[in-house]
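Engineer: here is my input, please return the structure:
(2 chains)
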Amino acid sequence: MGKPYPVVSDEYLKAVEKAKRKLRGFIAEKNCAPLMLRLAWHSAGTYDVVSKTGGPFGTIRHQAELAHGANNGLDIAVRLLEPIKAQFPILTYADFYQLAGVVAVEITGGPEVPFHPGREDKPEPPVEGRLPDATKGCDHLRDVFGHMGLSDQDIVALSGGHTLGRCHKERSGFEGAWTPNPLIFDNSYFKELVSGEKEGLLQLPSDKALLTDPVFRPLVEKYAADEEAFFADYAEAHLKLSELGYALKFLISELAI
Amino acid sequence: MGKSYPAVSEEYQKAVEKAKRKIRGLIADKNCSPLMLRLAWHSAGTYDVVSKTGGPFGTMRFPAELVHGANNGLDIAVRLLEPIKEQFPILTYADFYQLAGVVAVEVTGGPEVPFNPGREDKPEPPVEGRLPDATKGSDHLRDVFGHMGLSDQDIVALSGGHTLGRCHKERSGFEGAWTSNPLIFDNSYFRELLSGEKEDLIQLPSDKALLTDPVFRPLVEKYAADEDAFFADYAEAHLKLSELGFAEA
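Structural biologist: Numbers count the residues shown, from 1 in each chain, chains lettered A, B, ... in the order given. Sure, this is the predicted structure:
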């Protein structure tokens, strides 16, 4: 049905390629892949399929959205990225932040999630409260991800993003990394989850909830056993997330309802 | 001389893709991109076009080659990579070490150097003495790189690899980084070279020699002014280097 993505200029495409290399170098040097992934995810995860508000449209750079409790610490990410963004005025913040998320996964050894430029920057940040609460369980996860239009499989695969990074007491109230190698993207989040709690590693209530659900648990076990399967499903889910509310396919899928 | 690449199995190609991701993760975790690039370069740079000995054929893992003075510290690189290599027994060390070099450049923001698999592992390390001496000048550089079959442009472009990393007293006798961002691949090596010596940055005699040569200097100036031009010439030179003695048509 024709091209699902907007057409961007050659100049824009060149800027994307250069920015991607600058992001790689920067993220490598600062070891900030986890923070970049969280920035991209918290940008996109505010999308609501019914009202068509929120989503990956550059609004997280505004103080109003950075002040949301779920976004504690993301002011650091926005600040770190600004000098690179300034070299590429042609790029939208919407595209730039999602590019950072894709690069963060790639350079830490994760799958190569496709990136399609053309997101527009929107003026209005979303209301607070759409991102998941780490103290809650499966019903809450299905509610939150359902508002985005994402599936049970997406919930489990995206949870695997906790292979990167750690929680900080001063940001979320929780402390610690999920895996012994928080700068490497692999399936160790799932392996840790199925093998029980370990001294020095973190499992949030929302992580542990995956083990008790009859649909989520088999997926956790599949990804723990098969990293390639995890990477394939993760790439699909990350792509969907990074493109919520964006591109013709959304208009098409909405017309079909 | 054209290239005629060997066909490799799908299984081999899949292993290359997986190994590439694992190497990215290792480098992200350990910030060891400069060491990986040096491993790849010192593996390949021993190639001699006349005798067709040396080159990127996996021999660097042998103690006989690791003990060469020029390779001080590369035992660390070999050791860091070994747990990943073990996951991919199908890959040759020759390919694996060159893959690490290509990945090191990519993940630090450098150009994407093509990688063509199919190098075979050879049993004999090269004789010692073919890699460049940091205390020497342009004649020496032309001699060393000439034995590899590389050009003046390649010499300057590859010198730009000093955008990554640092020297260590206990390895080379020199100490310090060339740029203020030794974990980012960009053209800052050339900009630093042209703007004179700086307090806490290093310029080897072999780096400074580029400024006094009538062919090398204009290239240094070009790359300092134009990062894209540097990246293009670097990618070409790195590809040639990584394929010395391999896939010759």
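Engineer: surely A:Leu23 meets A:Val103?
Structural biologist: Yes: shown here, A:Leu23 and A:Val103 form a contact pair, counting by C-beta atoms under 8 Å, at 4.5 Å. To be clear about C-beta, it is placed using only N, CA and C from the backbone, and glycine gets the same treatment.
Engineer: so which of those two has more stuff around it?
Structural biologist: Taking neighbours as other C-beta atoms under 10 Å in any protein chain shown, A:Leu23 and A:Val103 compare with A:Val103 leading, 28 against 24.
Engineer: so which strand or helix has that one?
Structural biologist: In this assignment (DSSP states H and E), A:Val103 forms part of helix A:93-107.
Engineer: and that helix, average pLDDT?
Structural biologist: In this model, helix A:93-107 has a mean pLDDT of 98.
Engineer: how far off centre is that helix?
Structural biologist: 9 Å (C-alpha atoms, centre = their mean, to the nearest Å).
Engineer: get me the contact residues on the stretch 1-150 of chain A for chain B.
Structural biologist: Residues of the stretch 1-150 of chain A found near chain B (C-beta under 8 Å from any C-beta of the partner chain) are A:21-26, A:28-29, A:31, A:33, A:106-111.
Engineer: hang on, the earlier thing: overlap in contacts of A:Leu23 and A:Val103?
Structural biologist: Both A:Leu23 and A:Val103 are in contact with A:Met36, where contact means C-beta atoms under 8 Å, 6 or more residues apart in numbering or on different chains.
Engineer: where do the helices of the stretch 51-200 of chain A begin and end?
Structural biologist: Applying DSSP state H, counting those that start in this stretch to the stretch 51-200 of chain A gives helices spanning A:63-66, A:74-85, A:93-107, A:138-148, A:152-159, A:188-194.
Engineer: low-scoring stretches of the stretch 51-200 of chain A, by residue?
Structural biologist: Across the stretch 51-200 of chain A, nothing is flagged by pLDDT under 70.
Engineer: and the residue in the stretch 51-200 of chain A positioned nearest to chain B, how many neighbours does it have?
Structural biologist: Residue of the stretch 51-200 of chain A nearest chain B, by C-beta to the nearest C-beta: A:Gly109 (2.7 Å). Taking other C-beta under 10 Å as the neighbour definition, A:Gly109 ends up with a count of 27.
Engineer: one more: A:Lys22?
Structural biologist: With other C-beta under 10 Å as criterion, A:Lys22 counts 20.
Engineer: ok, it touching A:Pro83?
Structural biologist: No: at 9.4 Å, A:Lys22 does not count as touching A:Pro83 under the criterion of C-beta under 8 Å.
Engineer: still on that earlier bit, give me the buried entries from the residues of the stretch 1-150 of chain A next to chain B.
Structural biologist: For the residues of the stretch 1-150 of chain A next to chain B, a neighbour count by 16 or more other C-beta atoms under 10 Å in any protein chain shown gives the buried set as A:21-26, A:28-29, A:33, A:106-111.
Engineer: so which of the residues you listed are in strands?
Structural biologist: Judged by DSSP state E, those include no members of strands.
Engineer: need the max-distance pair from the residues you listed.
Structural biologist: Using C-beta to C-beta, the two most remote members of these are A:Glu29 and A:Pro111, lying 22.7 Å apart.
Engineer: contacting residues for A:Leu158?
Structural biologist: With contact taken as C-beta under 8 Å, 6+ apart, A:Leu158 is in contact with A:Trp41, A:Phe145, A:Leu150, A:Tyr234, A:Ala237, A:His238, A:Leu241.
Engineer: sitting in helices, which of those do you find?
Structural biologist: Cross-referencing the contacts of A:Leu158 against helices under DSSP state H gives A:Trp41, A:Phe145, A:Tyr234, A:Ala237, A:His238, A:Leu241.
Engineer: ok, and for stretch A:149-159, which residues are buried?
Structural biologist: By 16+ other C-beta under 10 Å, the buried positions in stretch A:149-159 come out as A:Gly149, A:Leu150, A:Ser151, A:Asp152, A:Asp154, A:Ile155, A:Val156, A:Ala157, A:Leu158, A:Ser159.
Engineer: now the residues you listed as JSON lines including distance to A:Val78?
Structural biologist: Formatted as JSON lines, these follow (distance: C-beta to C-beta, whole Å):
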{"residue": "A:Gly149", "distance to A:Val78": "26"}
{"residue": "A:Leu150", "distance to A:Val78": "24"}
{"residue": "A:Ser151", "distance to A:Val78": "30"}
{"residue": "A:Asp152", "distance to A:Val78": "32"}
{"residue": "A:Asp154", "distance to A:Val78": "26"}
{"residue": "A:Ile155", "distance to A:Val78": "26"}
{"residue": "A:Val156", "distance to A:Val78": "29"}
{"residue": "A:Ala157", "distance to A:Val78": "26"}
{"residue": "A:Leu158", "distance to A:Val78": "22"}
{"residue": "A:Ser159", "distance to A:Val78": "24"}
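Engineer: need the residue closest to the centroid of chain A.
Structural biologist: Nearest to the centroid of the C-alpha atoms of chain A, with distances taken as C-alpha atoms, centre = their mean, sits A:Trp41, at 2.6 Å.
Engineer: distance of A:Glu170 from A:His62?
Structural biologist: For A:Glu170, the distance to A:His62 (C-beta to C-beta, to the nearest Å) stands at 22 Å.
Engineer: okay, those two: which has more neighbours?
Structural biologist: Taking other C-beta under 10 Å, A:Glu170 and A:His62 do not tie; A:His62 has more neighbours (14 against 8).
Engineer: list the contacts for that one?
Structural biologist: Contacts of A:His62 (C-beta under 8 Å, 6+ apart): A:Pro125.
Engineer: could you list the residues of the stretch 151-257 of chain A in contact with chain B?
Structural biologist: Neighbours of chain B within the stretch 151-257 of chain A, by C-beta under 8 Å from any C-beta: A:Asn181, A:Leu183, A:Ile184, A:Phe185, A:Asp186.
Engineer: show me what contacts the last one?
Structural biologist: By C-beta under 8 Å, 6+ apart, the contact set of A:Asp186 is A:Gly109, A:Gly110, A:Thr163, A:Glu227, B:Gly25.
Engineer: taking those residues, tell me the two that lie furthest apart.
Structural biologist: Distances among the contacts of A:Asp186 were taken as C-beta to C-beta; the most separated pair is A:Glu227 and B:Gly25, at 11.3 Å.
Engineer: that'll do, ta.
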